[in-house]
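Trainee: Next one to model:
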Amino acid sequence: MFPGDRILSFFLIAQVFIGVMANLFLFMIYIYAFLIQPQLKKPIDSIFMHLTVVNIVTIMFQSIPDIMSSIGVKHFLNNAGCQTVFYIYRVSRGLSICTTSLLSAFQAISISPSHSKWARLKSKLSTWIFPSFLFFWIINMLIYIHIIETVRAKWNFTVVGHGFVHVYCQTRQSGDRHKGSFISVIVTHDVLFLALMIMSSLYMVWILYRHHRRARHLHSSSLSRQMSPENRATQTILLLAFCFVFFYCCHNFMDIYSFYRPEKDSRMVGITGILSSCYPTFCPFLLMKNNKNIPKLISSL
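Mentor: Prediction:
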């Protein structure tokens, strides 16, 4: 194993361990609030729970094949394995953007002023969460069925040319019409949910700015620095949305570069995998910052 491969495998293993454990710990915190102290639960916690589950699935199905390839395991996945792993990974990645967009929209409506046109939706927010989850699962599972038809195991390790190539898998050549339709559907799906996330984030920034100006005029300087729990949660979700957009753009840039690069590099695939798992790894740490259930759970234990 080359030194570069060892460093890559170390980063991948560390990322899997840290990301899975952090998301699992946060998921147990929400389970604790739902079962042991239901008075602490909030409707938005259901979205956080769904996001942590999606994060765990994304990290596992993205990083495990990269780890196995970085330590030199040959022929780790056959045709069925490639189709299963990359189908579940792409579905979980699609669910990640959907859930983060839902989180941004939920918080934007929650903090909207009472005179806003969005205020009348506040009472219906909790009833929309689980139907939204069901819609996200169905639409993503339908969109990425095409992967099952096109991905197959790679037995030739010197593949050259355009297309998706992993260490163990590659895309089967299909008609340009089907490939173009599939890419168009994915781009439309991602652009719509990214637009929802960005517009919700800009709306929350505008509300926080107005609140800051009003607080500065009404209160003393010491009181204006004190932030309400809603404002702290809003800032956390804004940071979450920013991290998602940043890592999403970086990962897509590397994906496009690898797709059109004539010569395929396994280390490039590993770097792309690390970028893909950065958001689900950092996400639970951002959410833990304002979670008041953590000290209560630790004290009870």
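
Trainee: All the helices of the stretch 101-250 of the chain, residue numbers only.
Mentor: 125-143, 145-150, 176-218, 221-224, 229-260 (DSSP state H, counting those that start in this stretch).

Trainee: Can you tell me what sits against the first one?
Mentor: For helix 125-143, the surrounding residues in contact (CB atoms under 8 Å, 6 or more residues apart in numbering) are 43, 46-47, 50, 90-91, 94-95, 98-99, 102, 106, 109-110, 185-186, 189. Bear in mind the C-beta positions are built from the backbone N, C-alpha and C, glycine included.

Trainee: Can you flag the buried ones in these?
Mentor: For the contacts of helix 125-143, a burial check counting by 16 or more other CB atoms under 10 Å picks out 46-47, 50, 90-91, 94-95, 98-99, 102, 106, 109-110, 189.

Trainee: hang on, the earlier thing: out of the helices of the stretch 101-250 of the chain, flag the one nearest Phe17.
Mentor: Phe17 sits nearest to helix 229-260 of all the helices of the stretch 101-250 of the chain, at 19.0 Å, using CB to CB.

Trainee: helices or strands up against that closest one?
Mentor: For helix 229-260, the elements it packs on are helix 79-110, helix 176-218, helix 266-288, judged by 3 or more CB pairs under 8 Å, 6 or more residues apart in numbering; DSSP states H and E.

Trainee: Figure out which of the helices of the stretch 101-250 of the chain is closest to Gln15.
Mentor: helix 229-260 (12.4 Å).

Trainee: thinking again about what came up before, tell me which two of the buried ones among the contacts of helix 125-143 sit farthest apart.
Mentor: Farthest apart among those - using CB to CB - are Arg90 and Ser110, which lie 30.5 Å from each other.

Trainee: Report the helix or strand with the lowest average pLDDT across the protein.
Mentor: Of all helical and strand segments in the chain, the minimum by mean pLDDT, DSSP states H and E falls on helix 221-224, at a mean of 46.

Trainee: one step back: any idea which of the helices of the stretch 101-250 of the chain gets closest to Ile18?
Mentor: Among these, if distance is taken as CB to CB, the winner is helix 229-260, at 15.4 Å.

Trainee: Any buried residues in the closest one, and which?
Mentor: Buried-residue list, helix 229-260, by 16+ other CB under 10 Å: 231, 233-238, 240-241, 243-245, 247-248, 251, 254, 258.

Trainee: what residues are up against Pro113?
Mentor: Pro113 makes contact with Ala119, Ile207, according to CB under 8 Å, 6+ apart.

Trainee: Then Pro284?
Mentor: If a contact means CB under 8 Å, 6+ apart, then Pro284 has Gly19, Ala22, Asn23, Phe25, Leu26, Thr52, Asn55 as its contacts.

Trainee: Of these, which is the most crowded?
Mentor: If you count neighbours using other CB atoms under 10 Å, the busiest of the contacts of Pro284 is Asn55, which has 28 neighbours.
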